[in-house]
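1. sequence and predicted structure are below.
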Amino acid sequence: MDASSLAAALTPAVPFFATGKRSRDLARERGLSEAELLAEHDGPEVVRLRPEMAAIVEALPSLGEVMSLTRNEAAVHEIVGTFGEISLSGHMGLVLNPPLDLRLLLKHWHHAFAVELPDEKGPRRSLQIFDAAGEAVIKIHLRPASDVAAFETLRERFADPAPQPLAVVAYPVEELTGTADAEAFRREFAAMRDVHEFFPMLRRHGLDRRGSLDLMDEAHVRRLGQGAATALLNAASEQALPIMCFVGSRGCIQIFTGKVKTIKAMGPWINVLDPGFDLHLREDLVAEAFEVRKPSKDGDLTTVELYDSERRLIAQFYGERRRDHPEEDAWRQLTAGIAGG
């Protein structure tokens, strides 16, 4: 071994949090998942937790005010709030404690970590949950008003004393097969009374969400042009019109409801930068956008849906509405005003 090789071998490795890079980006550079990057860290900053996911969820209210972050490749959705009003049933979970509004798919919650990283402004603490492939499901970041003692208690309670090597498994590509009978699908779709009937309907017909749009008629779907998200957010801000914004990972769907105010473009990102809610959306990764009208007992409900180049849903937007009431005309007019593609 020459002198330079010896020096390199003796030089301590720079911990992931001291590289100046985001964990997601650093993991990708190293050919790892983000969960693997955390698991390989040898130090007190990262504590592997036992995957007792339901119990971990039920312990979250003790943290007080936190920032809940759910993301996919093209969108990052951040809401400040307190966990509460939690309902768990099998692998499904619901958090309805405004402004926090989450749908939890616990069958995809496989790996959990408590993370406490040094920072010149004080320690940055978070709980981070990952799916079987090692991709982030949800990250819960403590804030100045959070209960640090509750975080330490949770970390100690769930710490895995002898964690096994973390193994990640790629999710298989789902192959949907079905009748592909457009007329049968359209009839059933037109008779829909509740938007929650839509997903089971897709399964019956062997369709995914994006594939269903190819079968809808012009009365129910319209392709939108580039910049649809920017147009929607700017119009909603200018009109002070309350909206709902859904962004999901494989194991969590996070929903914001309310008015958006500060809309800023930064490079390829269009951002909502408001107190209590941030949205960061890569418009260059939006391959397709659609205005979709779903039948319900209260009349058609209009969504704007964004998809990536692999036909995966990035984000969905609704107009805010009261339960059992039609949607607001102002929302329909807003979506109708977005240029077609």
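-> Structure's in. What do you need? Since this is a predicted model, take the numbers as computed values, not measurements.
2. okay, now residue 319: neighbour count?
-> Residues within reach of residue 319, counting by other C-beta atoms under 10 Å, total 21. (Each C-beta comes from the backbone N, C-alpha and C, glycine too.)
3. which residues touch it?
-> Contacts for residue 319 were tallied using C-beta atoms under 8 Å, 6 or more residues apart in numbering; they are 241, 242, 243, 244, 302, 327, 328, 330, 331, 332, 334.
4. okay, and for the stretch 1-150 of the chain, where does confidence drop off?
-> 1-12 (pLDDT under 70).
5. and with 80 instead?
-> Within the stretch 1-150 of the chain, the stretches with pLDDT under 80 are 1-13, 18.
6. and the stretch 151-300 of the chain, by the same measure?
-> Residue ranges of the stretch 151-300 of the chain with pLDDT under 80: 173-180.
7. now the helices for it?
-> Under the criterion DSSP state H, counting those that start in this stretch, the stretch 151-300 of the chain contains helices at 182-190, 198-204, 209-213, 228-239.
8. please work out which of those is packed deepest.
-> Among the helices of the stretch 151-300 of the chain, helix 228-239 has the highest mean neighbour count (mean count of other C-beta atoms under 10 Å), at a mean of 19.
9. what does that one contact?
-> 241, 243, 259-263, 265, 270, 272, 279, 281, 283, 286, 289, 304, 306, 315, 317, 330, 334-335, 337-339, 341.
10. for stretch 40-47, same thing?
-> With C-beta under 8 Å, 6+ apart as the criterion, stretch 40-47 contacts 15-17, 32, 38-39, 113-118, 155, 159.
11. using CSV, list the CA coordinates for that stretch.
-> In CSV, the C-alpha atoms belonging to stretch 40-47 read as follows (Å, rounded to 0.1, in the frame of the first residue of the first chain):
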residue,chain,number,x,y,z
GLU,A,40,-25.0,1.9,7.4
HIS,A,41,-24.3,4.9,9.6
ASP,A,42,-22.3,4.0,12.7
GLY,A,43,-23.0,6.5,15.3
PRO,A,44,-25.6,7.7,17.9
GLU,A,45,-27.1,10.1,15.4
VAL,A,46,-29.2,7.4,13.8
VAL,A,47,-31.2,4.8,15.9
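12. so how many other residues sit close to residue 195?
-> Neighbours of residue 195 under the rule other C-beta under 10 Å: 14.
13. can you verify my assumption that it contacts residue 300?
-> No - contact criterion C-beta atoms under 8 Å: residue 195 and residue 300 do not qualify, at 10.2 Å.
14. who touches both of these two?
-> Counting by C-beta under 8 Å, 6+ apart, the common neighbours of residue 195 and residue 300 are residue 294.
15. one step back: are any of the contacts of helix 228-239 buried, and which?
-> With burial judged by 16 or more other C-beta atoms under 10 Å, the buried subset of those is 241, 243, 260, 263, 270, 272, 279, 281, 283, 286, 289, 304, 306, 315, 317, 334-335, 338.
16. hang on, residue 56 is in a helix, isn't it?
-> Yes - Residue 56 forms part of a helix when assessed by DSSP: H, G, I helix; E, B strand; the rest coil.
17. before we move on, back to that, narrow the contacts of residue 319 to those in strands?
-> 243, 244, 302 (DSSP state E).
18. possible to save these as TSV with distance to residue 77?
-> What follows is these, written out as TSV (distance: C-beta to C-beta, whole Å):
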residue	distance to residue 77
243	13
244	12
302	21
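19. nearest to residue 208, of these?
-> Closest approach between those and residue 208, by C-beta to C-beta: residue 302, at 20.6 Å.
20. circling back: what's the ChimeraX line that selects buried ones from the contacts of stretch 40-47?
-> A single ChimeraX command selects the buried members of the contacts of stretch 40-47 (16+ other C-beta under 10 Å):
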select :16,17,32,38,39,113,114,115,116,155
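21. thanks a lot, see you next time.
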